[in-house]
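1. Prediction below, plus the sequence it came from.
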Amino acid sequence: MSVFFIKLADKSSNVLLQAILGTYGHLMWVRTEVPQEMIVKVITTPGLASETRGVLEALRGEIEFEFIDPPQGDGLPEG
């Protein structure tokens with residue numbers, strides 16, 4: 001699996017982000033990973049990682065967020 005972590009600038013953007021990305025269910029899965037810090041985890045397959053990244057980049061014009069490293073204790077294997 002390919003995973004992107006994003007940190008939203010505004011808590012109210014989470015509902016909008018979830019609604020928009022929910023329409024891309026064929027491409028990615030989305031979950032709020034660390035609600036207190038507004039960190040969202042976007043999961044996709046390796047073959048769709050580039051397309052998923054493109055969708056996320058396009059959304060940056062509508063929703064303010066930044067790509068971040070995985071939060072500590074996320075359960076992902078290292079490497």
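-> Received the coordinates, thanks.

2. just so I have it, where are all the helices in the chain?
-> For the chain, the helices defined by DSSP state H cover 13-22, 49-59.

3. Make CSV from these and add distance to E66, mean neighbour count and mean pLDDT to it.
-> C-beta coordinates here come from the backbone N, C-alpha and C atoms, glycine included. Compiled in CSV, the helices of the chain are given as follows (distance: least, Cβ to Cβ, whole Å; neighbours: other Cβ atoms under 10 Å; pLDDT from 0 to 100):
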stretch, distance to E66, mean neighbour count, mean pLDDT
helix 13-22, 12, 14, 94
helix 49-59, 11, 15, 97
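
4. JSON lines please, covering the ones you listed and showing distance to Q36.
-> Shown next, in JSON lines, are these (distance: least, Cβ to Cβ, whole Å):
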{"stretch": "helix 13-22", "distance to Q36": "12"}
{"stretch": "helix 49-59", "distance to Q36": "22"}
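
5. Tell me which of those lies nearest to M38.
-> Among those, helix 13-22 comes nearest to M38, with 6.3 Å by Cβ to Cβ.

6. what's in contact with the closest one?
-> 8, 28, 30, 32, 38, 40, 42, 55, 59, 62-65 (Cβ atoms under 8 Å, 6 or more residues apart in numbering).

7. In ChimeraX, select just the buried ones from the residues you listed.
-> A single ChimeraX command is used to select the members of the contacts of helix 13-22 judged buried by 16 or more other Cβ atoms under 10 Å:
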select :8,28,30,38,40,42,55,59,63,65
